[in-house]
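Asks: sequence below, structure please.
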Amino acid sequence: MSGLTGSPQPSTWAAMTGPTKGARQVSWETRNGKGRYYTRSPRRGVVREYFGAGEWGEYWAAEDAYARAERAERAAASRAEADELVELDKLVAAYAQVAEVAAREALAAAGYRQHQRGEWRKTRGQA
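Replies: Numbering: from 1, shown residues only. Just a heads-up that it's a prediction; the model follows:
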């Protein structure tokens with residue numbers, strides 16, 4: 001990008017929102033057969049943002065591709081973490097079930113009964 005001078009100046013909307021914020025679709029568009037322009041459709045309507053042609057268009061296309069790759073990487077990491085938490089939750093649930101069964105057996109062996117699926121009470125009249 002040695003031919004680029006100064007900082008890139010996209011449309012006013014892109015300058016306000018940043019190069020990758022709030023965009024849905026990115027594309028190269030040809031207008032009146034005069035060449036390709038890099039455009040993006042923001043999520044807030046029908047208006048298209050024009051980022052330029054040639055090296056500036058390539059620059060903004062690369063920016064968006066990089067941002068998409070970062071978002072995909074973060075999403076994959078988040079999914080992997082969620083999968084790990086699901087597995088951990090299954091292990092904890094299995095441990096809790098085993099602990100509950102052991103507690104029930106210990107209380108029953110000690111002469112207690114469970115009153116209407118609630119509290120445990122000492123059985124009367126046991127000698």
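Asks: let me see the ranges of the helices in this protein.
Replies: Remark: helices assigned in the chain by DSSP state H are 12-17, 54-109.
Asks: in TSV, list the ones you listed along with mean neighbour count and mean pLDDT.
Replies: Placement of C-beta: from N, CA and C, glycine included. As requested, those are exported to TSV (neighbours: other Cβ atoms under 10 Å; pLDDT from 0 to 100):
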stretch	mean neighbour count	mean pLDDT
helix 12-17	14	44
helix 54-109	12	92
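Asks: can you redo those as a markdown table with distance to Arg44?
Replies: Formatted as a markdown table, these follow (distance: least, Cβ to Cβ, whole Å):
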| stretch | distance to Arg44 |
| --- | --- |
| helix 12-17 | 9 |
| helix 54-109 | 17 |
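Asks: nearest to Val47, of those helices?
Replies: For those, the distance to Val47 is smallest for helix 12-17, at 7.3 Å, taking Cβ to Cβ.
Asks: on that earlier part again, quick one, which of the helices of the chain is nearest to Ser41?
Replies: Closest approach to Ser41 among those (Cβ to Cβ): helix 12-17, 10.8 Å.
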